[in-house]
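**Q** Kindly return the folded structure for what I paste below:
(2 chains)
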Amino acid sequence: MVSVGSADRYLPDTVQQAVKILVVGAFGVGKTTLVGSVSEIAPLRTEEVMTEASVGVDDLAGMSTKTTTTVAMDFGRITLNSWLVLYLFGTPGQRRFWDLWDGLAEGALGVLVTVDTRRLEDSFDVLEQLELRGLPFAVAVNQFPDSEEYGVEELRTALDLLPETPVVMCDARERAASVDALISLVEYVSNVGTVRVRETAS
Amino acid sequence: MSEPDGEYAASALRPYVITKGRSRPSRNTIGVETLLIAVDPPRDVPVSATREERALVRMCERLLSLVEAAAHLELPVSLVKVLASDLVDSGHLSARSGVPQAVLPDSQLLQEVLDGLRRLR
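**A** Prediction:
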């Protein structure tokens, strides 16, 4: 099967290691936009089938039979250097969704939580799950044109974040802004690591 | 409330037919980001290999992550994990960078990630 551009899908043979960052958030907060703005490949989509009782499930509310739902995950890729590649997985925030991709969070460098200031409450569930799992995360506030403007500290309080959790304002459509959000996350993860090592050493 | 048995969506059932009823890969070091490549020189897949196994080996003629292979083949990641795991065991595919055992990534790796991201700005 030869299709246009299929030669570009492959990684250089010198790449030895892959790392990943999860981009999570409620529906419609700009996860896919953020992944797409930094990815070197057109974002790809993969789907899993979820079977569960559909009470209260998105799009199926009101039905109470057992059902299957197809859940999609979009992802992108950044080749960082000749031997290292970074994958970005954009997944819905609810735990029952990211557990569909068994082991998705395992070994992840960290999690970037995308937040829409018009619907802050949608992020509470995501943030709680991350705290429970002990995954390091940073918050990227996606600024929509009609969003009200909030200060970082105001948002930190509203989301009940720890003082050290990075909060960055980010227009997910802008590559530079999205890259900066990823940098904030990785810098934070580096610092968390240093602190933990010190704690263990003492 | 009663519902007729056997009313499963075809798309939910089919993966388990392809994997001969298994939902778990034979090795737990295969992750979504595991890099796969067909062994060189290529080994013929057995005649009993499924269409999906053949397609996966073909897709991995050059280096690609498991999740990309799954997306290009339009197969669920959970299924491709099982297939890839078998094909690594049988010596048709080789896997690079499986799921790391360490809880925290080491600081040198994080520095390389940071350097790579900063070059994108």
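**Q** Surely residue A:13 is in contact with residue B:63?
**A** Yes. Contact criterion CB atoms under 8 Å: residue A:13 and residue B:63 qualify, at 5.6 Å. All C-beta spots, glycine's among them, are computed from the backbone N, C-alpha and C.
**Q** packing partners for the one helix or strand residue B:58 maps to?
**A** Using DSSP states H and E, residue B:58 falls within helix B:51-59. Packed against helix B:51-59 by the contact rule (3 or more CB pairs under 8 Å, 6 or more residues apart in numbering or on different chains; DSSP states H and E) you find helix B:66-73, helix B:77-89.
**Q** same thing but 6 Å
**A** For helix B:51-59, the elements it packs on are helix B:66-73, judged by 3 or more CB pairs under 6 Å, 6 or more residues apart in numbering or on different chains; DSSP states H and E.
**Q** what angle do the helix it packs on and helix B:51-59 make?
**A** 110 degrees (axes from the mean of the first three to the mean of the last three CA atoms, to 10 degrees).
**Q** quick check, helix B:66-73 touching chain A?
**A** Yes. Counting by CB under 6 Å from any CB of the partner chain, chain A is contacted by helix B:66-73 at B:70, B:71.
**Q** Only C-alpha atoms, please: export that helix in CSV.
**A** The C-alpha coordinates for helix B:66-73 follow below in CSV (Å, rounded to 0.1, in the frame of the first residue of the first chain):
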residue,chain,number,x,y,z
LEU,B,66,2.9,0.8,18.4
VAL,B,67,0.1,3.4,18.7
GLU,B,68,1.0,4.9,15.2
ALA,B,69,0.9,1.4,13.7
ALA,B,70,-2.5,0.8,15.3
ALA,B,71,-3.8,4.2,14.0
HIS,B,72,-2.6,3.6,10.5
LEU,B,73,-4.0,0.1,10.4
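**Q** who does the longest helix seen in chain A touch, helix- and strand-wise?
**A** As assigned by DSSP state H, the longest helix anywhere in chain A is helix A:175-201. Under the contact criterion of 3+ CB pairs under 6 Å, 6+ apart, helix A:175-201 touches helix A:31-38, strand A:110-116, strand A:137-142, strand A:167-170, helix B:107-119.
**Q** low-confidence ranges in chain B?
**A** Applying pLDDT under 70 to chain B picks out residues B:1-18, B:20-24, B:26-28, B:98-105.
**Q** which residues touch residue 117?
**A** Picked chain A for this. A:147, A:150 (CB atoms under 6 Å, 6 or more residues apart in numbering or on different chains).
**Q** that's the wrong chain, I wanted chain B
**A** Applying CB under 6 Å, 6+ apart, the residues near residue B:117 are A:179, A:182, A:183.
**Q** which one of the residues you listed has the most neighbours?
**A** Using other CB atoms under 10 Å in any protein chain shown as the neighbour criterion, residue A:182 leads the contacts of residue B:117 with 27 neighbours.
**Q** Settle it for me: which of residue A:13 and residue B:63 has more neighbours?
**A** residue B:63 (20 against 11).
**Q** Which phi and psi values does the more buried one adopt?
**A** For residue B:63, the backbone dihedrals are phi -70, psi 130 (criterion: degrees, to the nearest 10).
**Q** Surely it and residue A:12 touch.
**A** No. The pair residue B:63 and residue A:12 fails to qualify as a contact (CB atoms under 6 Å) at a distance of 7.3 Å.
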